[in-house]
Structures are given as structure tokens and as C-alpha cells.
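Asks: take this sequence and fold it.
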Amino acid sequence: MLAIAPHIAHALASHQPVVALESTLISHGMPYPSNIETALGVEDVVRANGAIPATIAVIAGKICVGLSKDEIEHIGTPNPRHPVIKLSRRDLPYAIATQKNGATTVAATMICAQKAGIQIFATGGIGGVHRHGESTLDISADLQELSRTNVGVVCSGAKAILDIGRTLEVLETLGVPVIGFQTNQFPAFYYRDSGYKVDFQLDTPEEIARLLNIKWQLGLNGGVLIANPVPIKNALLREDIEELITQALQEAESSGVKGKEITPYLLSKIAQNSGGLSLKCNIALIKDNARVAAKIAKTLSTQNP
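Replies: Numbers count the residues shown, from 1 in each chain. From the prediction side, this is the model:
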């Protein structure tokens, strides 16, 4: 069920730094061909910062850790006859049992990364409590996964389409540390300050790696959320994004979009209605998160030779 690419297996065996990367970004998060270009570009950023990228997906029923360029192009090229399933924790057994292709969300990528022995994962933004989640109970499995799976997740906070206050409350209840990398503000994906604080600010990869090691040495299972704000030059204005989110939510409601389809739908609508500005922001932040993750992975590899 678990197919680790030979170069990733060698890197892990020789304690080289490896960064896990998700594949929902490729199959559901961005339009073609920007999705493939971004996925390959993110891998290049990881390499340029001294670590080895391991993009993860399920292909023909196998959990593949370390996709090839051809495999990334395969799951990123639209094929209505053979759609790629969006995979969270509940979906992994089905995709494997039926030998389907699937793109891993934050939760599923964490599971697969831990199984492979990868401790650091870079993504864009985590899922969380959706707006009006108090009545719909639409809460991402990402949050529960962060409470149980030993992987550090570098992201630009929670997606701005979510109820960020409630998302942070759930993370607190689940005991997940929220670390701000060089900031005490919790970012909201497209913009740098959601109006909420992180639990702790740490300013270097070495400090973060030390916290991860201590947490797991204490037997405190679960991940750590490492919030890295979108670079200033790429950040969008909060008021502009909130207007686009309101519009996208109204369109989703009128179209009857629900469940796991809501996030890719909203992101697509926001990109469309922003004239592509949100897509450029998304690409910039995931690449910067890959940079930070690579530096943390390098430090972990030296602290745990």
C-alpha cells in the first residue's frame, strides 16, 4: 500500500532532510496548467533550500511518497472520465481498496508522511471550522489530524474562507500548539493578520525544530501548526478578500455546493473574481512555506542524526 520512491527512501535512511508536500493543491486547488507548474516550482524551492521534496498522492491504489514529474502531470491534468478523488482520512481506505487515484488533503498527507517517516510538511493553508459551522458542523478533519499525527505543518494559517476564531478554539481544545514564525499574529492565507494571536512566536528554524523534538520526546503525540504569513509583497488587502469571499459564499449557496467540494469551489471563485490576484498570492505563499519547511527539516536532520 505504501510506495516510497527510492530516492526518498534513501534520503530518510541516511537522515537527510525531507519535506512532504500535498497533492490536493495539484488536483483540486488550482486551475490547469498553473497547478502543475506550481507543484514543480514548490519542489524546486525545497531543493534550493537544502531539502528533498516528497509530493504525496494515491495512484492506482498505492500511497506514493515522492511523485515523479510524470505522476504530478498525470494527477494534475483534467480527465473527466477518471477524476482524481479528494482524499482525507476517511477516504484513504476506499481509494486504496478500489485502486483509484486520489489527491491528499492536509489530513491525509500528514497520515502518509508519518507512515513514511517524514516529520515536516509544507502546505498553503489548513482547513478548519467553516463559517456558520456552529449550525452546519462543517469542520475539517485537518484539525483532528493535527491532534494525533506527529508532523509539523508549515502553512499560512487557516484559509480565509473559514471561521478563524472558532478554528483556533478547536485547535486549543485539541492541544495543538500554534506557532507563529517571526510573528505573533495568526495569518489568514491571503492576508497576514487575521486579527487573532498565535500561541507562541518563534523566530528561527532551530527554535521550531527544538520544540518539535521536545514535544514528541515527552510523548505528546500530535502535530504542531507553524504559521508563516504570506510575504508582504504578495499579501492582499483583507477588505478586498472579504468582499470576494462573501460573493463566493453566496454563489456556493445558490449552487448547492456543500461538503468537501466547498473549499475548492470557493477558492476557484475567488481566483476568478479577483482577476487571478488570489491565485498569484496562493502560489507565492506555498512557495514561501516550502522554503521555511526546508530550513526546519534541515535543522531536524542535524538535531536527530
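Asks: when you work out contacts or count neighbours from here on, use the C-alpha atoms and nothing else.
Replies: Noted.
Asks: low-confidence stretches in the chain?
Replies: 260, 305 (pLDDT under 70).
Asks: the strand ranked longest in the chain: partners in the sheet, and parallel or antiparallel?
Replies: What stands out as the longest strand in the chain, according to DSSP state E, is strand 52-59. Paired neighbours of strand 52-59 in the sheet (DSSP bridges): strand 18-21 (parallel), strand 62-65 (antiparallel), strand 102-104 (antiparallel).
Asks: would TSV of those with mean neighbour count and distance to residue 280 be doable?
Replies: Shown next, in TSV, are those (neighbours: other CA atoms under 10 Å; distance: least, CA to CA, whole Å):
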stretch	mean neighbour count	distance to residue 280
strand 18-21	31	19
strand 62-65	24	27
strand 102-104	29	22
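Asks: turn the ones you listed into CSV, columns for distance to residue 182.
Replies: Formatted as CSV, the strands paired with strand 52-59 follow (distance: least, CA to CA, whole Å):
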stretch, distance to residue 182
strand 18-21, 20
strand 62-65, 30
strand 102-104, 28
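Asks: tell me which of these lies nearest to residue 79.
Replies: Residue 79 lies closest, by CA to CA, to one member of the strands paired with strand 52-59: strand 102-104, at 12.8 Å.
Asks: need the next SSE after the closest one, C-terminal direction.
Replies: Per DSSP states H and E, the first helix or strand lying C-terminal to strand 102-104 is helix 106-116.
Asks: give me the contact list for that following helix.
Replies: Under the criterion CA atoms under 8 Å, 6 or more residues apart in numbering, residues 2, 4, 20-22, 56-57, 63, 65, 87-89, 92, 119, 121, 123, 126-127, 141-143, 145-146, 149-151 lie in contact with helix 106-116.
Asks: what does stretch 134-142 give?
Replies: By CA under 8 Å, 6+ apart, the residues outside stretch 134-142 that reach it are 88, 89, 105, 106, 107, 126, 127, 128, 129, 130, 133, 259.
Asks: do that again at 10 Å, thanks
Replies: Applying CA atoms under 10 Å, 6 or more residues apart in numbering, the contact partners of stretch 134-142 are 88-90, 105-110, 126-133, 162-163, 166-167, 170, 258-260.
Asks: before we move on, the earlier item: the longest strand of the chain: how far from the chain's middle?
Replies: Computed by CA atoms, centre = their mean, to the nearest Å, the chain-centroid distance of strand 52-59 equals 13 Å.
Asks: what is the burial count for the closest residue to residue 257 other than its chain neighbours?
Replies: Closest residue in space to residue 257, ignoring its immediate chain neighbours: residue 265 at 7.7 Å, by CA to CA, 6 or more residues apart in numbering. Neighbour count for residue 265, taken as other CA atoms under 10 Å: 19.
Asks: pop out the phi and psi values for residue 265.
Replies: Note on residue 265: backbone dihedrals following degrees, to the nearest 10 are phi -60, psi -50.
Asks: pretty sure it contacts residue 252?
Replies: Yes. In this structure, residue 265 is within contact of residue 252 by CA atoms under 10 Å, at 7.4 Å.
Asks: quick check: neighbours shared by the two?
Replies: In contact with both residue 265 and residue 252: residue 258, using CA under 10 Å, 6+ apart.
Asks: I'd say residue 11 and residue 17 touch.
Replies: Yes. Look at residue 11 against residue 17 with CA under 10 Å: they come within range, at 7.2 Å.
Asks: more crowded one of these two?
Replies: Between residue 11 and residue 17, counting by other CA under 10 Å, residue 17 is the more crowded of the two (27 against 15).
Asks: now the more buried one: phi and psi?
Replies: Per degrees, to the nearest 10, the backbone of residue 17 is at phi -70, psi 130.
Asks: show me what contacts it?
Replies: With CA under 10 Å, 6+ apart, residue 17 has these contacts: 8, 11, 46-47, 50-53, 118-120, 293-302.
Asks: which stretches of this structure form helices?
Replies: Using DSSP state H, the helices of the chain run over residues 6-13, 24, 34-48, 69-76, 92-97, 106-116, 133-136, 141-148, 164-174, 205-217, 238-255, 262-273, 277-303.
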